[in-house]
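Engineer: A predicted structure for the sequence below; I have some questions about it.
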Amino acid sequence: MDVRDPKALVEAYLQALEDRDYDAARGCLADRGFSYVSPIASYSRADDLLDHAMIGGSIVHQRQPIKCFVDGPDVCHILRYWIQLSDKQQVDIAHWARVEHGRIVGITAIFDARAYWSLFEG
């Protein structure tokens, strides 16, 4: 992987998550100044995100890249995930990563989280 190439770095991170290789995924993330924001969680430490990924990764059955857009250090993937909550369903996600100095410093994930939140109703 060429760490000077933001797209290659982000794709290596996504592949490491899919492979459940959390050490490789951690190597793609910044040690300081990291942020992650999604409809279900926010983290300011890469280790906290990966702790969440280790637990939540079990619901992901498949990931399909749909499209990738790159603008300098910004890499945005449109991804389709098949997840298993109470039943199997498809979730489309916009995954925007920002890269600085060969590491991912920020991730914003945008998706419809209604299925997730329905697990915690009443």
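Structural biologist: Right, received. Where do you want to start?

Engineer: hey, let's count contacts and neighbours off CA atoms from now on
Structural biologist: Fine.

Engineer: Spit out the contact partners of Ala25.
Structural biologist: Ala12, Tyr13, Leu14, Ala16, Leu17 (Cα atoms under 8 Å, 6 or more residues apart in numbering).

Engineer: Pull the number of nearby residues for the first one.
Structural biologist: Residues lying near Ala12 (other Cα atoms under 10 Å) number 19.

Engineer: what's the helix or strand for it?
Structural biologist: Element membership for Ala12, per DSSP states H and E: helix 6-18.

Engineer: before we move on, the earlier item: nearest to Gly106 among the contacts of Ala25?
Structural biologist: Within the contacts of Ala25, proximity to Gly106 (Cα to Cα) peaks at Tyr13, which comes in at 12.5 Å.

Engineer: Using the three-state scheme, assign the nearest residue to that closest one once chain neighbours are set aside.
Structural biologist: Among residues not flanking Tyr13 along the chain, Ala25 sits closest, at 4.9 Å (Cα to Cα, 6 or more residues apart in numbering). Using DSSP: H, G, I helix; E, B strand; the rest coil, the structure places Ala25 in helix.

Engineer: if I look at Ala25, how far off is Gly72?
Structural biologist: 21 Å (Cα to Cα, to the nearest Å).

Engineer: ditto for Trp117
Structural biologist: Trp117 is 34 Å from Gly72, by Cα to Cα.

Engineer: Tell me which residues touch Arg98, please.
Structural biologist: So Arg98 contacts Pro73, Asp74, Val75, Ile104, Val105, Gly106, Ile107 (Cα under 8 Å, 6+ apart).

Engineer: Name the member of the residues you listed that has the highest neighbour count.
Structural biologist: Counting by other Cα under 10 Å, top hit in the contacts of Arg98: Ile104 with 28 neighbours.

Engineer: quick one: secondary structure of that one?
Structural biologist: Classified using three-state DSSP, Ile104 is strand.

Engineer: That one contacts Cys28, doesn't it?
Structural biologist: Yes. Using Cα atoms under 8 Å, Ile104 and Cys28 qualify as a contacting pair, with a distance of 6.1 Å.
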